[in-house]
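**Student:** Below: sequence and its predicted model.
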Amino acid sequence: MRLRHKDLLGLADLTPEEIDLILRTAGPLKKLFTRSIKKVPPLRGKTVALLFYEPSTRTRTSFELAAARLSADVLSLAVSSSSVQKGETLMDTALNLEAMKVDFMVVRHSVSGAPELLARGVRAHVVNAGDGNHEHPTQGLLDLFTIREKKKKIQGLTVAIIGDILHSRVARSNIWGLTKMGAKIRLCGPATLVPSEFRTAFGNQVEVTYNMKEALDGADVAYVLRLQLERQQENLFPSLREYHEFYGLDEKKLSWAKKDCLVMHPGPMNRGVEIASVVADGPQSVILDQVTNGIAVRMAVLYLLAGSSQAVPAPRAAERIAEREPS
Amino acid sequence: MKGTVSWARTQRSSGTLPRQKSLLIRGGRVIDPRNQRDEVCDVLIEGQHIHKIAKDIKPTRQMEVLEAGRLVVAPGLIDIHVHLREPGQEEKETIATGTAAAAMGGFTAVACMPNTVPPLDNVSQIQYVMMKARSDGHVRVYPVGAITKGQDGVELTEIGAMVRAGCVAISDDGKPVANAKLFRRALEYAKTFGLPVVDHCEDPDLAKGGVMNEGKLAVLLGLKGIPRQAEYIMVARNIALCELTGGQLHLAHLSTKESVALVRDAKKRGLPVTAETCPHYFALTEEAVANYNANAKMNPPLRTEDDRQAILAGLADGTLEVVASDHAPHTPAQKAREFDFAPFGIIGLETTLGLVLTELVQKGVMTLSAALAALSDAPARVFHLPGGHLSPGAPADLTLIDLKARHTVNTFTSKSQNSPFIGRMLQGKAVATIVGGEVVMSRGKLLRKPTC
Ligand SMILES: [Zn+2]
């Protein structure tokens, strides 16, 4: 089986079989690099460009290592906001990379849909490394991988996702991925951060509650989202202290979940805000496993996209560059 | 056809002597909603005015004859919500290109919104537009002045002086007047001049940062929503202020179910409220942005099927009496940006008539006569413009329409091409546009260069 897509834009676009394929591919890749020889050759001679319009050391490093361990050449571009201000558009940047014959573009962008815009314009495989409040598909996949690794299944599990659901691309990818793989989701946070549309938008495997006890009662996984502290300025919640009191995951709240409930977080954490240190570092936490698995899953994604069965579209972008240059 | 008459001049300021030239439009189906006429007959134009409408007018040798068999002969279409972008954003559109697009779409007159750079907020800006329209315009241009200086929502403009210079309405379109007291003053003061006050109804704080309709789809796409309440809260406020002042209120480009209900109720109560919608609100829903298509990004945003149905009902019962295009040109480079960064707005002058005929008339929402009224009679009444009907003595502004002409929306005469309707099949289009007795467009060709 192969992926039917040129790009990985979101988990909304993938079938359960495709998700399963990526997770199954990631397994042996993880075994490889967690042993002594970390590098394998499938992407030798290929170039992976990382376009980060938003800083993210963690995701960028993870993609860099994943590409390097598949023997690809990696080009890391931190696109500063200044070059955006100078007027170079996303498409201009992408077309230039295309002209340099880059094979993969891994994009992190603050605007939802930016990777999709890019994917329509270039021949290279586009991997969404997080766009606006839309999706962060590789994060979703590494979370699925981690849950399946620890629980041996996803089907039938109850996953509580806690925090700023509204602005979270991680939450959206996880909701798509987990529901497609048969889990039940409970979304929990203050109503300003969990719009009621979430009740229906993703199908009926998703519940919304504003009460942590309801969310965690019998849960198999407690997935804590990072809280962007500046949201307080937008009056989405009155204070960090109040937030922690009601929605911060501490020992007491965790005790409402199943005994073997996994604690997950996409990082970086605000300790003492959305999660108490004792929980983050406790025996149920798999937060560092998520980081390790991120590399395996990203290797699997790059590897599978390179061999995807989807015919590569006509070289529109390259043609346009050629047209511009007077011959 | 040639001549040097400044036909683009408005009725109000027109002081030139009509050139005596006769044009006979023969055998068309003449539809004149204001005079409740719908019959096959002839229209005789003398100079710049309609002279006579009757069966079997005998052509004489001085008459030019236009055979209109199988065509609809309608009052010239009037679009009261157009952005011509001049002065200041000529890369998007100019008075020349915008009025050319209007003529191509069957419009004989357009009212242009004041959110140019700088805005039309004083006499000299209004004069500039009037002057440019005379020299470059293919159709009549009626400027809409700003309500507040700089469209800043703080201080009223010199409304009376702008009216004297040719402004036909006031609006801070694009920048809704947030201050209720100021909007009250605008309605009261404009009453002095019998001037309609047009508002883009949107609560700025509630809408801030939003790029599409708030709801399920916005949640899935991860885009910030503009709640429907942002529109209808302001509709309700404006109606309340209209009640308070008795000033003439015109609500621009309505998009929600609740707005339609509020206007319907206000009209029942006899308030001087009129309202418009645009083709995209009856032809599209928010689904059009599902693939982050910035050509469907507009303000107010496309709403849901429920809203679309309410807009259709509002058009059918006359609650929304005007269809306007909200023609808002933007360059391809601007629209090719990330969805959040792309500007709001689509062009519409060349698709409005086809969409009205295809989506409203053919689907039985409105009769042909009612649909043409929404594009001619009603806009003329709302802005107190001279055209919009075919009575003897009226300006000879007419649109000839082929109801059978099927065409796929493709490229545009407008300088910009930002339309979500590209590729859509429409039935019915303007085949001739006549302004002040001059044929300015015939069979998709612009016939005369503007006078300058
Ligand atoms: Zn507007």
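**Tutor:** Cool, the structure landed.
**Student:** beta partners of the spatially most central residue of chain B?
**Tutor:** Nearest residue to the geometric centre of chain B (C-alpha atoms, centre = their mean): residue B:79, 2.3 Å. Residues in a beta bridge with residue B:79, per DSSP bridges, are residue B:110.
**Student:** roughly how far apart are it and the ion?
**Tutor:** 14 Å (C-beta to the ion, to the nearest Å). C-beta here means a position set from N, CA and C on the backbone, and glycine is covered the same way.
**Student:** Near the ion, which residues of the stretch 151-300 of chain B? Just list them.
**Tutor:** B:173, B:200 (C-beta under 5 Å from the ion).
**Student:** Which single residue of the stretch 151-300 of chain B ends up nearest the ion?
**Tutor:** residue B:200 (3.5 Å; C-beta to the ion).
**Student:** Burial check on that residue, number of neighbours?
**Tutor:** 22 (other C-beta atoms under 10 Å in any protein chain shown).
**Student:** Looking at the chain, which helix is longest?
**Tutor:** No chain specified, so I'll use chain A. Secondary structure of chain A read by DSSP state H shows that its longest helix is helix A:287-306.
**Student:** That was the other one, I meant chain B.
**Tutor:** helix B:228-245.
**Student:** what residues are up against the residue of the stretch 151-300 of chain B closest to the ion?
**Tutor:** B:171, B:172, B:173, B:174, B:175, B:176, B:252, B:253, B:299 (C-beta atoms under 8 Å, 6 or more residues apart in numbering or on different chains).
**Student:** Export these to a markdown table and append columns for neighbour count, pLDDT and secondary structure.
**Tutor:** Below are those laid out as a markdown table (neighbours: other C-beta atoms under 10 Å in any protein chain shown; pLDDT from 0 to 100; DSSP: H, G, I helix; E, B strand; the rest coil):
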| residue | neighbour count | pLDDT | secondary structure |
| --- | --- | --- | --- |
| B:171 | 27 | 98 | strand |
| B:172 | 30 | 97 | coil |
| B:173 | 24 | 94 | coil |
| B:174 | 18 | 90 | coil |
| B:175 | 20 | 92 | coil |
| B:176 | 23 | 93 | coil |
| B:252 | 24 | 98 | coil |
| B:253 | 25 | 98 | coil |
| B:299 | 20 | 97 | coil |
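**Student:** Closest one to chain A out of these, please.
**Tutor:** residue B:299 (17.3 Å; C-beta to the nearest C-beta).
**Student:** Excluding chain neighbours, what is closest to the closest one?
**Tutor:** residue B:344 (4.0 Å; C-beta to C-beta, 6 or more residues apart in numbering or on different chains).
**Student:** Hmm, the one you found is touching residue B:300, no?
**Tutor:** No: under the criterion of C-beta atoms under 8 Å, residue B:344 makes no contact with residue B:300, lying 9.1 Å away.
**Student:** Comparing these two, which residue is more hemmed in?
**Tutor:** Set side by side, residue B:344 and residue B:300 show more neighbours around residue B:300, with 27 against 15, by other C-beta under 10 Å.
**Student:** Tell me the pLDDT of the closest residue to that one other than its chain neighbours.
**Tutor:** Nearest non-adjacent residue to residue B:300, counting by C-beta to C-beta, 6+ apart: residue B:255, 4.1 Å away. Confidence at residue B:255, expressed as pLDDT, is 98.
**Student:** mind listing what residue B:255 touches?
**Tutor:** Residue B:255 neighbours (C-beta under 8 Å, 6+ apart): B:228, B:231, B:277, B:281, B:300, B:301, B:302, B:303, B:307, B:311.
**Student:** hmm, try it at 7 Å
**Tutor:** Contacts for residue B:255 (C-beta atoms under 7 Å, 6 or more residues apart in numbering or on different chains) come out as B:231, B:281, B:300, B:303, B:307.
**Student:** Please flag which of those sit within helices.
**Tutor:** B:231, B:281, B:307.
**Student:** Count residues in the vicinity of residue 180, would you?
**Tutor:** Let's take chain A. Count around residue A:180 with other C-beta under 10 Å applied: 22.
**Student:** meant chain B, my bad for not saying
**Tutor:** Neighbours around residue B:180, by other C-beta under 10 Å: 14.
**Student:** same question, residue B:68
**Tutor:** Neighbour tally, residue B:68, other C-beta under 10 Å: 24.
**Student:** Repeat that for the one 3 residues further on.
**Tutor:** Counted with other C-beta under 10 Å, the neighbours of residue B:71 add up to 23.
**Student:** What parts of chain A come near the ion?
**Tutor:** Counting by C-beta under 5 Å from the ion, no residue of chain A sits close to the ion.
**Student:** shaky segments in chain A?
**Tutor:** A:80-87, A:309-327 (pLDDT under 70).
**Student:** is it true that residue A:231 touches residue A:168?
**Tutor:** No: the pair residue A:231 / residue A:168 is not scored as a contact, 11.2 Å apart, by C-beta atoms under 7 Å.
**Student:** more crowded one of these two?
**Tutor:** Using other C-beta under 10 Å as the criterion, residue A:231 and residue A:168 rank with residue A:168 on top: 25 against 16.
**Student:** what's the closest non-adjacent residue to whichever residue of the stretch 301-450 of chain B sits closest to chain A?
**Tutor:** Chain A sits closest to residue B:338 of the stretch 301-450 of chain B, with a gap of 3.9 Å, by C-beta to the nearest C-beta. Distances taken as C-beta to C-beta, 6+ apart place residue A:111 nearest to residue B:338, at 3.9 Å, with adjacent residues excluded.
**Student:** could you dump stretch B:320-327 to CSV, C-alpha only?
**Tutor:** Below are the C-alpha coordinates for stretch B:320-327, written out as CSV (Å, rounded to 0.1, in the frame of the first residue of the first chain):
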residue,chain,number,x,y,z
LEU,B,320,-34.3,43.4,0.0
GLU,B,321,-35.2,45.6,-2.9
VAL,B,322,-31.8,46.2,-4.3
VAL,B,323,-29.2,43.8,-5.8
ALA,B,324,-25.8,45.5,-5.9
SER,B,325,-22.5,43.9,-6.9
ASP,B,326,-20.2,45.2,-4.1
HIS,B,327,-17.6,45.1,-6.9
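**Student:** how about the residues of the stretch 301-450 of chain B near chain A?
**Tutor:** B:336, B:337, B:338, B:339, B:340, B:341 (C-beta under 7 Å from any C-beta of the partner chain).
**Student:** And these, which is closest to residue A:176?
**Tutor:** residue B:339 (19.6 Å; C-beta to C-beta).
**Student:** So the closest one belongs to a helix, correct?
**Tutor:** No: counting by DSSP: H, G, I helix; E, B strand; the rest coil, residue B:339 is located in no helix; its state is coil.
**Student:** who touches it in this structure?
**Tutor:** A:111, A:112, A:113, B:211, B:223, B:292, B:294, B:297.
**Student:** Could you do residue B:290 as well?
**Tutor:** residue B:217.
**Student:** Show me where the stretch 251-400 of chain B has its helices.
**Tutor:** B:257-268, B:279-283, B:305-316, B:332-335, B:352-355, B:368-375, B:377-382 (DSSP state H, counting those that start in this stretch).
**Student:** Nearest to residue B:446, out of those?
**Tutor:** When these are compared (using C-beta to C-beta), the closest one is helix B:352-355, at 16.5 Å.
**Student:** Show me what that closest one is packed against.
**Tutor:** Packing partners of helix B:352-355 (3 or more C-beta pairs under 7 Å, 6 or more residues apart in numbering or on different chains; DSSP states H and E): helix B:279-283, strand B:425-435.
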